[in-house]
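Undergrad: no sequence on this one, just coordinates:
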């Protein structure tokens, strides 16, 4: 384990000690040793901002970037496994992700600036617990889960149970860490899309974002399965369960597409915001984006299998 207390960090960022464990067990031992005063860090693009704003003040930093094997994307038995150190740039550029989870590649491409995408990790984006996180929304639609480890052991949590509230998730960076994100690989006849509405500023957070996963039998002109996620329109990223149910094993018809989009917008409850617009506007745009997402998925399937 590397232990270093002399680093060239900005003076307004304060901690007493800094560790770089070489294994997960070492990282967990440190978290247990410091009893809530140690914080896991990887890319640091969220954590360092929170520390600069005095929202976090850990006594000890546990940097996991030297733990081997956590920076890989691979597929095993139909599951795409994204390691805890995989960056947004890696996910965006991965041929495996582009082919079998394209919505994640598209979401990752919208995160911050190129510098942030090169440093920030997908796992860190999830742990931040933000309802408009550009990778959380497509991953929720994709039916992803996270593998968590703490001193008590390992468990896998579906993303629809992972988000608790704004900025709060089922894992705390002083108690444990995500080791992998698990994504069902899309099969033939299935695709996904991520759509985002934002202001023209390059680093703007989304006004609204939608993830759509869709499978269909184009010859029979029937939807098979649909998954729809939205944010930031509630305190966490959310699923549009009623809209999904409406399209399950249903004919591909204009009226059903429009009705599903309307139902998806109904589940959203965005607050009025000076940055993101009024509630009515965002609900209307949610309906618009969901409809576009469904149509784009159908167009993609036509292009692949048509």
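TA: Structure received. None of the values given here were measured: they were computed from a predicted structure. Numbering: from 1, shown residues only.
Undergrad: Okay, the closest residue to residue 241 other than its chain neighbours and residue 237: tell me how far apart.
TA: Leaving aside its chain neighbours, residue 241 sits nearest to residue 267 (7.4 Å; criterion: C-beta to C-beta, 6 or more residues apart in numbering). For every residue, glycine as well, the C-beta is placed using N, CA and C. From residue 267 across to residue 237, the span is 12 Å (C-beta to C-beta, to the nearest Å).
Undergrad: for the residue nearest to residue 241, what are its contacts?
TA: Counting by C-beta atoms under 8 Å, 6 or more residues apart in numbering, residue 267 touches 230, 238, 240-243.
Undergrad: what about 10 Å?
TA: Neighbouring residues of residue 267 by C-beta atoms under 10 Å, 6 or more residues apart in numbering: 228, 230, 233-234, 238-243, 283, 286.
Undergrad: filter those to the buried ones?
TA: Neighbour counting with 16 or more other C-beta atoms under 10 Å marks 228, 230, 233-234, 238-240, 243, 283, 286 as buried within those.
Undergrad: which two from those end up farthest apart in space?
TA: Farthest apart among those by C-beta to C-beta are 239 and 283. That separation is 16.4 Å.
Undergrad: and residue 216, what helix or strand is that in?
TA: Using DSSP states H and E, residue 216 maps to strand 208-217.
Undergrad: buried ones in that strand?
TA: 208-216.
Undergrad: gap between the next helix or strand after it and the chain center?
TA: Remark: after strand 208-217, the chain's next helix or strand is strand 222-231, criterion DSSP H and E. How far strand 222-231 lies from its chain's middle: 17 Å, per C-alpha atoms, centre = their mean, to the nearest Å.
Undergrad: per-residue confidence averaged over strand 222-231?
TA: Mean pLDDT, strand 222-231: 97.
Undergrad: I'd like the next helix or strand past it.
TA: Remark: after strand 222-231, the chain's next helix or strand is strand 238-239, criterion DSSP H and E.
Undergrad: quick one: contacts of the helix or strand just after that following strand?
TA: As assigned by DSSP H and E, the chain's next helix or strand after strand 238-239 is helix 241-247. With contact meaning C-beta under 10 Å, 6+ apart, helix 241-247 is reached by 141, 160, 212-214, 216, 222-230, 240, 253, 256-257, 259-267, 290, 294.
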